[in-house]
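> My questions concern the predicted model and sequence given below.
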Amino acid sequence: MRVLAASIAALTYAATSTTSAFTPSHLNGNAIRSQRSIAGSSATAITTLSSASSHDANPAIAELYKRRSRPEYIPGQISDPDYVRIFDTTLRDGEQSPGATLTSNEKLEIAHNLALLGVDIIEAGFPIASPDDFLGVKQIADQVGRKVFDDGYVPVIAGLSRANTKDIERAWDAVKGALRPRVHTFIATSDIHMKSKLNKTPDEVVEIAVKAVTFAKSLGCDDIEFSPEDAGRSDPEFLYRILGEVIVAGATTLNIPDTTGWNMPWEFGELIKKLRENVPGAENVVFSTHCQNDLGLATANSLAGALNGARQLECTINGIGERAGNASLEEIVMSLALKGGTHFSGGPGSGKLHTAINPVYITPTSKMVAEYTGMKCQPHKAIVGANAFQHESGIHQDGMIKDKSTYEIMTPESIGLMRGESQSGAGIVLGKHSGRNAVGTRLRELGYDLNMDKLNAVFKRFKEVAEKKKGGLDDDDLESLVSDQAGSVNELWRVTGLQTTTGLSGIPTATVKMMGPDALERYISATGTGPVDAVYKAIDQIMGVSVVLESYSMNSVNEGIEALASTRVVIVPTIDGPHDSAVMDAQTSQLREKKFSGSGSDTDIITSSARAYVSALNKLLTWKIRRMANEAEEADTTGTKGAVAVEGEPPSVVVS
């Protein structure tokens, strides 16, 4: 199986602004430098694959690439009472979004980008869920969790576990290779969860929680996070009791989840305040928030928690997660960057809150997560939406031409979105005569930081589409091609030929030709209820799969008869079929079939549909191959990985 190596490179472009790229132009440099949330005076420039000199031409841009200073990491303590730790759970809670399945390699790439971003803690997954999940978390712990930056920063790597010994031991085995490992264990504490889900009394829940934390500590873990699930609907008096008990047992971080997004910001902020005042031993731990977005208040609730003393905020890139999602990392980080120094007085410390996030890496990380999960951001999504820095109203455009701070409270450059000349009316038109450099430059301006292999794959598809599409490709077309190629790292099969016939009186028929992992082409014809159905049935027969198409959607990337079609599908393997993919759900503890998504783009809607379907199937097959290999390795107790002696042959030693 071919695996393409991925590398994470820093953005290498410059902007033309002469003021800080972080804040509107009416703020002077002294005001900017005074905010620790923007830059630390002792920060060390990050070592990247690109030359640091590429940023020197513009001091404001160079400032953005500096590592932000942060206090020394100590479990359960933060020496600076104004410092807020950022806990990213994109790879765990974010992946629980329906259809947002990530491969191990994709998770590793995202984790590398999260380290560039500077998050304090990366929750890498739920190790007990499956062998693949375990190895994915372990891979991140062993690689990202051991990579020390020039300024001494290395992220904490956390693994989630339910409050039982089997889960906790599995989580510890997955993360212990990191320089800073953490086990995050949880149990529900609201009346409805204890009665309806756990069927436990409050006394039993307290006993389970204490035993869980005690066991984690006995394994050698000195960084233990405990979460009372559904704390937002739990009895505060019971929370005081159970949280006090787990502190005694060894918990260092107390995470307070608003699991159902039920609380108003003033309610949630008051809850954090009461817990800090009434939980025995509260001064010896860090309080954290984990807010769901069911009422659209996840970011507001998280910031209310920070106002009242929470010094760890849990969030995800693009706000993805269960149901309506989680608090959005980019919204929390930029809110604290712009308002943290002036609007958070009243809690512990001076009230000048700050993080150590490097916001210039927000856009590349957001784009990567959107591509790999197949979950695009809504255009008007705060900070990272396509329209976040677009201005169409004539009045707004007039103001932007005169002074950008009239309608922008931050610059796109500050989050890694380099506006470029194309955004000011002098952009180039990308067509069939455009070269790789022009395409690569525009992708960097759009926030895509692709290595050479990925750029070549996108450029190849660009040339194919540009030959068919008159008038050139716009930004939406280009972004759609990037998404189309996001699944190429899992490419076992690809469509090399496709022909369909359909009509009012005929039977829809498709002939599909595909190249397999053995480099042989196979073709077959099939009929269906429509041309897409016929194509999918032909693909199923060639690839030998049995899946259920759970979701199919198609959108026109732009307007006109020559517009690109962008297709996204979500598939689920047939239960008890040849590619069964049962994994354990972190919330319900029930087995569920893992879902796989795929995206495809083309000017032909049938080809677009075929590319999306094959992309999803390739993800399924890659996952299944890796799972079978893991199971075989676990079952091999001889250490020979299945090797057998050949009769009559002397033993030999192979050195690799």
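Arrived safely.

> What segments of the stretch 51-200 of the chain are helices?
For the stretch 51-200 of the chain, the helices defined by DSSP state H, counting those that start in this stretch occupy 59-64, 104-117, 131-143, 165-175, 191-192.

> possible to save those as TSV with mean pLDDT?
Putting these into TSV (pLDDT from 0 to 100) gives the following:
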stretch	mean pLDDT
helix 59-64	71
helix 104-117	95
helix 131-143	95
helix 165-175	98
helix 191-192	97
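
> Would you format those as a markdown table with mean neighbour count and distance to Ile524 included?
All C-beta atoms are positioned from the backbone trio N, CA, C, and that covers glycine. Rendered in a markdown table, the data for the helices of the stretch 51-200 of the chain read as follows (neighbours: other C-beta atoms under 10 Å; distance: least, C-beta to C-beta, whole Å):
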| stretch | mean neighbour count | distance to Ile524 |
| --- | --- | --- |
| helix 59-64 | 20 | 53 |
| helix 104-117 | 23 | 30 |
| helix 131-143 | 23 | 31 |
| helix 165-175 | 22 | 42 |
| helix 191-192 | 13 | 53 |
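
> Tell me which of these sits nearest to Phe238.
Comparing these by their distance to Phe238 (C-beta to C-beta), the top pick is helix 191-192, with 8.7 Å.

> Distance of Lys274 relative to Lys195?
Lys274 sits 24 Å away from Lys195 when distances are taken as C-beta to C-beta, to the nearest Å.

> So those two - more neighbours on which side?
Each of Lys274 and Lys195 has its neighbours counted (other C-beta atoms under 10 Å); Lys274 has more, 15 against 12.

> Let me know whether the more buried one touches Asp235 as I believe.
No. With contacts defined as C-beta atoms under 8 Å, Lys274 does not count as touching Asp235, sitting 11.7 Å away.

> Between the helices of the stretch 51-200 of the chain, which one is closest to His433.
His433 lies closest to helix 59-64 among the helices of the stretch 51-200 of the chain, at 30.8 Å (C-beta to C-beta).

> Does the closest residue to Ala249 other than its chain neighbours belong to a helix, a strand or coil?
What sits nearest to Ala249 in space, not counting adjacent residues and going by C-beta to C-beta, 6 or more residues apart in numbering, is Val213, at 4.0 Å. Using DSSP: H, G, I helix; E, B strand; the rest coil, the three-state assignment for Val213 comes out as helix.

> tell me, how many neighbours does Val213 end up with?
Neighbours around Val213, by other C-beta under 10 Å: 26.

> Please report the distance of it from Gly399.
Computed with C-beta to C-beta, the distance linking Val213 and Gly399 is 55 Å.

> How about Val384?
With C-beta to C-beta as the criterion, Val384 and Gly399 are 23 Å apart.

> So for these two, which sits in the more crowded spot?
Residue environment comparison for Val384 versus Gly399 gives the larger neighbour count to Val384, 28 against 16, counting by other C-beta under 10 Å.

> Need the phi and psi values for that one.
Listed backbone geometry of Val384 is phi -110, psi 0, with angles given as degrees, to the nearest 10.

> ok, now which ones touch it?
Under the criterion of C-beta atoms under 8 Å, 6 or more residues apart in numbering, the contact list for Val384 reads Asn318, Glu330, Ile362, Thr363, Ser366, Cys377, Ile415.

> Which neighbouring residues are in contact with the fifth one, exactly?
This points to Ser366. By C-beta under 8 Å, 6+ apart, the contact set of Ser366 is Ile317, Asn318, Glu330, Cys377, Val384, Gly447.

> Turn these into a markdown table, including distance to Ala632 and secondary structure.
Compiled in a markdown table, the contacts of Ser366 are given as follows (distance: C-beta to C-beta, whole Å; DSSP: H, G, I helix; E, B strand; the rest coil):
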| residue | distance to Ala632 | secondary structure |
| --- | --- | --- |
| Ile317 | 34 | helix |
| Asn318 | 36 | helix |
| Glu330 | 41 | helix |
| Cys377 | 39 | coil |
| Val384 | 41 | coil |
| Gly447 | 41 | coil |
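
> if we take those, which one ends up nearest to Thr607?
Nearest to Thr607, judged by C-beta to C-beta, of the contacts of Ser366 is Cys377 at 25.6 Å.

> Could you check how many residues crowd around that closest one?
As a measure of burial, Cys377 has 23 neighbours, counting by other C-beta under 10 Å.

> Surely it touches Gly385?
Yes. Under the contact definition of C-beta under 8 Å, Cys377 touches Gly385, with a separation of 5.3 Å.

> Glu331 and Asn318: what is the separation?
Here the criterion is C-beta to C-beta. By it, Glu331 lies 10 Å from Asn318.

> Which of these two has more residues huddled nearby?
Neighbours were tallied for Glu331 and for Asn318 using other C-beta under 10 Å; the higher tally belongs to Asn318 (29 against 21).

> Can you tell me the closest non-neighbouring residue to Lys273?
For Lys273, the spatially nearest residue (C-beta to C-beta, 6+ apart) is Asn308, at 4.2 Å.

> and that neighbour, what does it touch?
Residues Gly269, Glu270, Ile272, Lys273, Arg276, Gly346, Gly347 are the ones in contact with Asn308 under the rule C-beta under 8 Å, 6+ apart.

> which of the contacts of Val384 lies closest to Phe389?
Of all those, the one with the least separation from Phe389 (C-beta to C-beta) is Ile415, at 9.0 Å.

> On the three-state scheme, Ser350 is what?
In three-state terms, and counting by three-state DSSP, Ser350 is coil.

> Could you measure from it over to Gly544?
Ser350 sits 64 Å away from Gly544 when distances are taken as C-beta to C-beta.

> of the two, who's got more company?
The residue with more neighbours, out of Ser350 and Gly544, is Ser350; 12 against 9, by other C-beta under 10 Å.

> So which bits of the helix or strand containing Ala534 are buried?
When elements are defined using DSSP states H and E, Ala534 is found to belong to helix 531-543. Neighbour-count burial for helix 531-543 flags Pro531, Val532, Asp533, Ala534, Val535, Tyr536, Lys537, Ala538, Ile539, Asp540, Ile542, Met543 (criterion: 16 or more other C-beta atoms under 10 Å).

> so Tyr361 sits right up against Ala115, yeah?
No. Applying C-beta under 8 Å, one finds Tyr361 not in contact with Ala115, separated by 9.4 Å.

> quick revisit: would you agree the residue nearest to Ala249 is in contact with Val246?
Yes. A contact is recorded between Val213 and Val246 when judged using C-beta under 8 Å, the distance being 4.8 Å.

> intersection of neighbour lists for those two?
With contacts taken as C-beta under 8 Å, 6+ apart, Val213 and Val246 have Phe226 as neighbours in common.

> now the helices for the stretch 451-600 of the chain?
Along the stretch 451-600 of the chain, the stretches classed as helices by DSSP H, counting those that start in this stretch are 452-468, 475-485, 531-543.
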